[in-house]
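Visitor: Predicted model and sequence below, questions to follow.
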Amino acid sequence: MLSTLKQILSDNWQWRHQIWDLAKMDLVKTYRGAALGKVWLFTKPAVYILVYWFTLSVGMRHSSDVNGQPFLLWLAAGVFPWFFMSDAINRGSDVYHRYSYLVNRIKFPLSVISTFYTLSIMIIFACTMLFTIVVCLLTGVHLSRYLLQLPLVMLVMFVFWVAWSIMLSPLSAVSKDFANLIKTLSMPFFWLSGILFQLDALPPIGQKIMAFNPVAWCVEAVRDCFVYKQWFWQRPDELIPFLIVFAVVVLLAVRNYRRLHKEVPDVL
Amino acid sequence: MSSRQTVSAVDLGDAVVIRDEDRENPVAVRFDHVRKTYKLYKNDRQRLLASFSNHVRYDTINASDDLSFECRRGEALAFLGDNGAGKSTALKMITGVCFPTSGTIEVHGRVSALLELSAGFDMRLSGMENIQMRCQLWGLSDEEASEIIPGIVEFSELGKYIDQPMRTYSSGMRARLGFAFASSIRPDILVVDEALSVGDRKFSAKCRKRVQSIIEKENVTVLFVTHSTAQAQQFCTRGIVLSHGKTLFSGDIEEAVSFYEST
């Protein structure tokens, strides 16, 4: 196990320059909407946010300020990280099909595919976060020193979703059914993880279960930066379950990689 | 493939793969009793189950079975054999995209490969973007890349098509660009798997000249798979005849071709 982990880490270190180039290339590919190109990067999130905002505040009359911060900011601080995680769940857990030519045409370490794909969606996520901060500054919304933990939160999210991708991609490569199963799970993740409602609304038992949901933790951590104004390590009741899940994901990632990385090129 | 990577000996259970960038080694590629076993499951679900349990039943097929041969530096070696003889599997193991089940493989030098008609291009990127990306993956600096890219574009004869998405290319165009790239990046070992069978006669002649020149000038070792014995005779000096994953004959190309045609 340890040697596999070392292998994964050293592969990623050795290819670090190419990781950046490949992530950029992935973005070029995704957003080549001809003339509009980069505009799409912002159009889709903007439309989603407006629709959620309309549904919740106009339709369901549920839009009071959260912790003194505007409801729209609370919403954005949940929906933007969700876009990142939705890509990580839908596409990140099946990267070998997306990049099959790197698997069986070129000698390329498989774990690095997970890294650069996650990096490419992380770049978009960083842009949306920057956009949120700029809008806050322009509209005079008060931002606190707790925003300083945002880079750390993003780094934790990056490592977690890379490990997630290394854990599930070999299984998705082996079985298309498995890939579809994970994609099906993305909708319940969205509705159950407190992206559109506050988790305090859940009964205590629900909150305990939700503490083991990595999507919920990531969303809450980003909201800590913008809305709740607390350090994420000040909530050990949620941090510890998340760290347990994190450790399990890393362990399974190493196990699946070790067991299947030689078989993946044979079946793809 | 990274330029910094030097020696690596990967121990894969029973199999050993030794790779380094020692281009002075007189042996370029050596296979020693190499076996490659593919596991055949009844369906994908069985295969998925097998990743959790060791008790799932599967069939096996040996694509390479006790395969041994040696390819010396600067040689042009052709693999001859019917479909399913294990030619492509052997080339994939040399390239490093698939792993032997047992035996020892030695590869001395960096391998550039054209496997199964494609050099590993992304269909959604343009030809130029693909070339740039592959230059980065090969570990070339921007200056080195911009030095060789004009030559690649010229050799591939794609002209204005070079900036069009790869998915709009014909198979001949893809093969031309693939061969142009794979042979231009100064590999130590060039692996070509059937890619030239889609090109026309003019392009084939051009490739032959290129192969001869890189063998002479850059001391490149070429490994070549083809169904056309005529093409093998034009490109190669030595031949290996494979059948059911085993070496039946190894020697001079003329003798290998006549051996293959007699069986």
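Guide: In hand now; what should we look at? Note that the coordinates shown come from a computational prediction; the quantities given were computed from them, not determined experimentally. Numbering: from 1, shown residues only, chains lettered A, B, ... in the order given.
Visitor: which SSE is the nearest residue in space to residue A:104 that is not next to it in sequence in?
Guide: Setting aside the residues directly before and after it, residue A:104 is nearest to residue A:265 in space (Cβ to Cβ, 6 or more residues apart in numbering or on different chains), at 4.5 Å. The C-beta positions use only the backbone N, C-alpha and C, and glycine is treated the same way. Secondary structure from DSSP states H and E places residue A:265 in helix A:264-267.
Visitor: can you check residue B:48 too?
Guide: According to DSSP H and E, residue B:48 maps onto helix B:44-50.
Visitor: Now do the strands in chain B.
Guide: Ranges of strands in chain B, per DSSP state E, are B:8-12, B:15-20, B:27-40, B:59-72, B:76-80, B:102-108, B:111-114, B:189-193, B:221-225, B:238-243, B:246-252.
Visitor: Report all helices and strands that the second one contacts.
Guide: Using 3 or more Cβ pairs under 8 Å, 6 or more residues apart in numbering or on different chains; DSSP states H and E, the elements in contact with strand B:15-20 are strand B:8-12, strand B:102-108.
Visitor: Let me see the contact set for residue B:40.
Guide: B:58-61 (Cβ atoms under 8 Å, 6 or more residues apart in numbering or on different chains).
Visitor: Can you point out the buried residues in the helix holding residue B:48?
Guide: B:47-48, B:50 (16 or more other Cβ atoms under 10 Å in any protein chain shown).
Visitor: which of those are close to chain A?
Guide: Contacts with chain A are made by B:47-48 out of the buried residues of helix B:44-50, judged by Cβ under 8 Å from any Cβ of the partner chain.
Visitor: and of the buried residues of helix B:44-50, the nearest to residue B:240?
Guide: residue B:47 (32.3 Å; Cβ to Cβ).
Visitor: The closest one contacts residue A:267, doesn't it?
Guide: Yes - using Cβ atoms under 8 Å, residue B:47 is in contact with residue A:267, at 7.0 Å.
Visitor: what touches both of the two?
Guide: Here residue B:47 and residue A:267 share the contacting residues residue A:174, scored by Cβ under 8 Å, 6+ apart.
Visitor: Tell me where the model's unsure across the chain.
Guide: Using chain A. Where chain A drops to pLDDT under 70, the residues are A:33-38, A:59-63.
Visitor: meant chain B, my bad for not saying
Guide: B:1-13, B:116-119, B:195-199.
Visitor: tell me the phi and psi of the residue in the stretch 51-200 of chain A that chain B sits nearest to?
Guide: Nearest residue of the stretch 51-200 of chain A to chain B: residue A:105, at 3.0 Å (Cβ to the nearest Cβ). Note on residue A:105: backbone dihedrals following degrees, to the nearest 10 are phi -120, psi -30.
Visitor: so what does the helix or strand harbouring residue A:183 touch, helix or strand wise?
Guide: Using DSSP H and E, residue A:183 sits within helix A:176-192. Packing partners of helix A:176-192 (3+ Cβ pairs under 8 Å, 6+ apart): helix A:71-90, helix A:150-174, helix B:44-50.
Visitor: Can you tell me what sits against that helix?
Guide: Contact with helix A:176-192 is made by A:82, A:85-86, A:89-90, A:93-94, A:97, A:168, A:171-172, A:210, A:213, A:215-216, B:44-45, B:48, as judged by Cβ under 8 Å, 6+ apart.
Visitor: Separate out the buried members of these.
Guide: Buried among the contacts of helix A:176-192 (16+ other Cβ under 10 Å): A:82, A:85-86, A:89, A:93-94, A:168, A:171-172, A:210, A:213, A:215-216, B:48.
Visitor: Could you tell me how many residues sit around residue B:36?
Guide: Applying other Cβ atoms under 10 Å in any protein chain shown, we find 24 residues neighbouring residue B:36.
Visitor: Pairing partners for it in the sheet, please.
Guide: residue B:64 (DSSP bridges).
Visitor: So it sits against residue B:93, correct?
Guide: Yes - with contacts counted by Cβ under 8 Å, residue B:36 reaches residue B:93, the gap being 6.5 Å.
Visitor: and the stretch 1-150 of chain A, which of its residues are near chain B?
Guide: So the stretch 1-150 of chain A meets chain B at A:14-15, A:17-18, A:21-22, A:25, A:28-29, A:32, A:101-108 (Cβ under 8 Å from any Cβ).
Visitor: Please flag which of those residues sit within strands.
Guide: Among these, no member lies in strands (by DSSP E).
Visitor: So how do I select the buried members of the residues you listed in ChimeraX?
Guide: Entered in ChimeraX, the line below selects the buried ones among the residues of the stretch 1-150 of chain A next to chain B, by 16+ other Cβ under 10 Å:
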select /A:14,15,18,21,22,25,28,29,101,102,103,104,105,106,107,108
